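Novice: kindly generate the corresponding structure for this input.
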Amino acid sequence: MSLRLFCILSLFLIAACQPTPPPEAVLSTPVDALPVRLERDAPDLIPTPLPDALIAEADADYLLLANLYARTIPSVVNIEAEIGDLKTTDTSRGSGFVYDDQGHLITSAHVIKGAKRIRVTFNDGTVLEATLVGMDTYSDLAVIRVSVAVDRLRPLTMADSGGVRVGQRAIAIGNPFGLSGSMSVGIVSGIGRMLRSAALIDNEALPGFQNPDIIQTDTPINPGNSGGPLLNSQGEVIGVTTAIRTESGVFQGVGFAVPARTVQRIVPQLIKNGRVDYPWLGLIVMPEENGYGVSGLADSLRLPVSGGVLVRGVTLASPADQAGLQGGREIVEVRGQAVCAGGDIIVAVNDSVVRTMDDLMAYVIAYTEPGDIVSLRIVRGGQTYDVPVTLQARPNAGDSSVRDCEG
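Specialist: Numbering: from 1, shown residues only. Got it, this is the predicted structure:
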């Protein structure tokens, strides 16, 4: 084969092996001929800053919190209480805040209980000695006082905690673990809780005497936060941090605060009298947890209502006893639990609907005083009655006889 013919055949074979371009395709520059350009070396590929308006919108929540902190931190104090005697001394640490321009500060009773010396440190570093004005172990609230120029005091505004709703922002400012001026943020995760006073203050309270209408929050609260304010987004006090539910001693997602409504009821009495007189009915009721309230017992006991307070018994000579309220008459087993049945069912107090014992106690403590007459609407034997009850002051700790299924 001639050289010329060989070349022609070779070219023909090479052309036949080339891929067929897509229809209407245009021949372009080979990829390996393009210049290499990495993203880090390409200024035109670097993202440009976002518009200020977009950044401001994204940071609005943080701006609110920073502003709130700057406005309220001068009112929040660190509290150190020396507790003990000449031989042994311990230091209790907590938080507090300015209540008025007379030098009154609010904190938790368990922070300063038994203190022989109370030292207050303001956020600007000012350290002052404080004196005890009064404390109430049932609500876990205390009032102390410092002597300082009026222009140094910036009282916080109290909110109407009756308007607090689950899901709203809850902001705590205090001194957890001694870290002064710390802010933590969460939400209100529950309202209307009831804590046994004995669970808060060394089992000192009477069995059955409880701290009602408590705010539950997932805002991180740790030792040292007690007595500090729980704030809403306006910087108003919705509660005073008081306790956590924990098995380790540190926050595990459930914290509690005494509501502002209780603070406004208790603190003026502490300032005026150094103590608090609570109104008392003298009712004995079965714990309502785990479905043993009226709503959970309605079907089993064939109750005529689905909400209210089932009276198990009354304390002898108490307001409830003197008004003629009746406790249960027979023991009935419900889901393996003995229930004292047949007693009066309280469904309203002063025309305010009552569905649980929490509702009744929250109303009585927030809106009444010893000596007031309240109207209890009760259901007895299928009939509804309005019964006037004259409230007494809560008695001191001690045993009292009870009129119920067992006595």
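
Novice: burial measure for Arg380, as a count.
Specialist: 17 (other CB atoms under 10 Å). Yep, even glycine has a C-beta here, placed from its N, CA and C like the rest.

Novice: out of everything not next to it in sequence, what's closest to it?
Specialist: Spatial nearest neighbour of Arg380, chain neighbours left out: Asp344 (5.1 Å); criterion: CB to CB, 6 or more residues apart in numbering.

Novice: would you agree that neighbour is in contact with Arg312?
Specialist: No - using CB atoms under 8 Å as the test, Asp344 is too far from Arg312 to be in contact (10.1 Å).

Novice: quick one: common contacting residues for those two?
Specialist: Gly327 (CB atoms under 8 Å, 6 or more residues apart in numbering).

Novice: more neighbours: which of those two?
Specialist: Neighbour count, other CB under 10 Å: between Asp344 and Arg312, Asp344 has more, with 24 against 21.

Novice: now that one, what are its backbone angles?
Specialist: Here is the backbone geometry of Asp344 (degrees, to the nearest 10): phi -60, psi 150.

Novice: who's in contact with it?
Specialist: Val311, Leu325, Gln326, Gly327, Ile378, Val379, Arg380.

Novice: so what's the residue count around the first one?
Specialist: What that stands for is Val311. When neighbours are counted by other CB under 10 Å, Val311 registers 26.

Novice: which strand runs longest in the protein?
Specialist: In the chain, assigned by DSSP state E, the strand with the most residues is strand 182-196.

Novice: state the mean pLDDT of that strand.
Specialist: Averaged over strand 182-196, pLDDT sits at 85.

Novice: which residues touch it?
Specialist: Contacts for strand 182-196 (CB under 8 Å, 6+ apart): 65, 69, 164-176, 205, 209-221, 238, 242-243, 254, 256, 357-359, 361-362.

Novice: pull the contacting residues for Ala298.
Specialist: Ala298 sits next to Val305, Ser306 when contact means CB under 8 Å, 6+ apart.

Novice: now Gly274
Specialist: Taking CB under 8 Å, 6+ apart as the test, what Gly274 contacts is Val133, Gly134.

Novice: how about a cut-off of 10 Å?
Specialist: Leu132, Val133, Gly134, Met135, Asp136, Val143 (CB atoms under 10 Å, 6 or more residues apart in numbering).

Novice: next one: the helix or strand that contains the last one to chain centre, how far?
Specialist: So that's Val143. Using DSSP states H and E, Val143 sits within strand 141-145. In terms of CA atoms, centre = their mean, to the nearest Å, the centre of strand 141-145 is set 20 Å apart from its chain centre.

Novice: equivalent analysis for stretch 156-169, please.
Specialist: That offset, for stretch 156-169, works out to 10 Å (CA atoms, centre = their mean).

Novice: do the same with stretch 217-236
Specialist: 8 Å.

Novice: stretch 96-114 now?
Specialist: Here the centre of stretch 96-114 is set off from its chain's centre by 19 Å, with CA atoms, centre = their mean.

Novice: just stretch 66-78 next, same as before
Specialist: 19 Å.

Novice: compute the first-to-last residue distance for that stretch.
Specialist: Length of stretch 66-78, first residue to last, CA to CA, to the nearest Å: 20 Å.

Novice: low-confidence ranges, the protein, go.
Specialist: Scanning the chain with the threshold set as pLDDT under 70 gives 1-45, 86, 196-210, 244-253, 397-400, 406-407.

Novice: and if we set it to 80?
Specialist: By pLDDT under 80, the low-scoring segments of the chain are 1-47, 84-89, 178-179, 192, 194-212, 243-253, 289, 396-407.

Novice: per-domain residue ranges of it.
Specialist: 71-152, 161-273, 279-403 (automatic domain parsing).

Novice: turn these into TSV, including distance to Leu50.
Specialist: TSV is the format used below for the domains of the chain (distance: least, CB to CB, whole Å):
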stretch	distance to Leu50
domain 71-152	28
domain 161-273	24
domain 279-403	48
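
Novice: for Asp59, find the nearest of these.
Specialist: Among the domains of the chain, domain 161-273 comes nearest to Asp59, with 14.5 Å by CB to CB.

Novice: can you give me the helices in the stretch 151-300 of the chain?
Specialist: 197-200, 260-273, 294-301 (DSSP state H, counting those that start in this stretch).

Novice: nearest to Ala393, of those helices?
Specialist: Smallest distance to Ala393 across the helices of the stretch 151-300 of the chain (CB to CB): 11.8 Å, for helix 260-273.

Novice: so what angle separates the directions of the closest one and strand 141-145?
Specialist: 50 degrees (axes from the mean of the first three to the mean of the last three CA atoms, to 10 degrees).

Novice: phi first, then psi, for the closest residue to Arg355 other than its chain neighbours.
Specialist: In this structure, Arg355 finds its nearest non-sequential neighbour in Gly307, 3.8 Å apart by CB to CB, 6+ apart. Dihedral pair for Gly307: phi -150, psi 160, per degrees, to the nearest 10.

Novice: please apply the same query to Thr384.
Specialist: Main-chain dihedrals, Thr384, degrees, to the nearest 10: phi -110, psi 130.

Novice: now do Gly328
Specialist: The phi/psi pair for Gly328 (degrees, to the nearest 10) is phi -70, psi 160.

Novice: that one and Val237: what is the separation?
Specialist: 41 Å (CB to CB, to the nearest Å).

Novice: centre of the chain to stretch 149-158, how far?
Specialist: Relative to the centre of its chain, stretch 149-158 is centred 24 Å away, using CA atoms, centre = their mean.

Novice: buried residues, that stretch. List them.
Specialist: Neighbour-count burial for stretch 149-158 flags Leu153, Pro155, Leu156, Met158 (criterion: 16 or more other CB atoms under 10 Å).

Novice: which pair of those residues spans the longest distance?
Specialist: Leu153 and Met158 (15.2 Å).

Novice: perfect, I'm done here.
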